[in-house]
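**Q** pasting the sequence and the predicted model now:
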Amino acid sequence: MEKGDAQILIRLRVGDAAAFTTVLDRFEQKVKGYCEAKAPPDGRAEDLSQQTFVQFFAIVQECRDGTWATFDDIEHLLIIIATRALIDDARKEAAELKKRERYGAYRIFRAAPHPYSAL
């Protein structure tokens, strides 16, 4: 945990625009590198890292009442959010692949000649 993380979170909770810039400057490359290391090499890492920051800022805004006041390690929270985004993306990709496989098998079955058609 960096010494200034707690202060940055306090500034984020009150809507300080400079705090948003500080978070992006400090953590954007780390989160992007993490996503690039874990995501498939098809360009989704950039989208997933952006999604991570959008979710992070949404969480901070939702917690203005101090719910997360004890959580003061920004990097750890960003990695948790990025991991969840990567898992969700992998699940969506697996579901899409399963759907395509099922449809492909259906098309092959429909295209095959009926066994009694030659009689």
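**A** Great, that's in hand. Just so it is clear, the structure is predicted and the values come from calculations on it, not from any experiment. Numbering: from 1, shown residues only.

**Q** which helix or which strand is home to the residue nearest to Thr22 when sequence neighbours are not counted?
**A** Computed as C-beta to C-beta, 6 or more residues apart in numbering, the closest residue to Thr22 that is not its neighbour in sequence is Ile8, at 5.8 Å. For every residue, glycine as well, the C-beta is placed using N, CA and C. Following DSSP states H and E, one finds Ile8 within helix 5-13.

**Q** how about Ala95?
**A** Assigned by DSSP H and E, Ala95 belongs to helix 74-111.

**Q** elements contacting the helix or strand of the chain with the lowest mean pLDDT?
**A** Within the chain, no helix or strand scores below helix 74-111, which has a mean of 81 by mean pLDDT, DSSP states H and E. When contacts are defined as 3 or more C-beta pairs under 8 Å, 6 or more residues apart in numbering; DSSP states H and E, helix 74-111 sits against helix 5-13, helix 17-38, helix 44-62.

**Q** next, count neighbours for Ile80.
**A** 14 (other C-beta atoms under 10 Å).

**Q** distance of it from Ile59?
**A** Distance, Ile80 to Ile59, using C-beta to C-beta, to the nearest Å: 10 Å.

**Q** then Asp42?
**A** Spatial separation of Asp42 from Ile59 under the definition C-beta to C-beta is 27 Å.

**Q** who has more neighbours, those two?
**A** Ile59 (15 against 7).

**Q** pLDDT score for that one?
**A** pLDDT recorded at Ile59 is 86.

**Q** for the spatially most central residue of the chain, give its distance to Ile10.
**A** With distances taken as C-alpha atoms, centre = their mean, the residue of the chain nearest its centroid is Ala85 (2.3 Å). In this structure, Ala85 and Ile10 are 25 Å apart, going by C-beta to C-beta.
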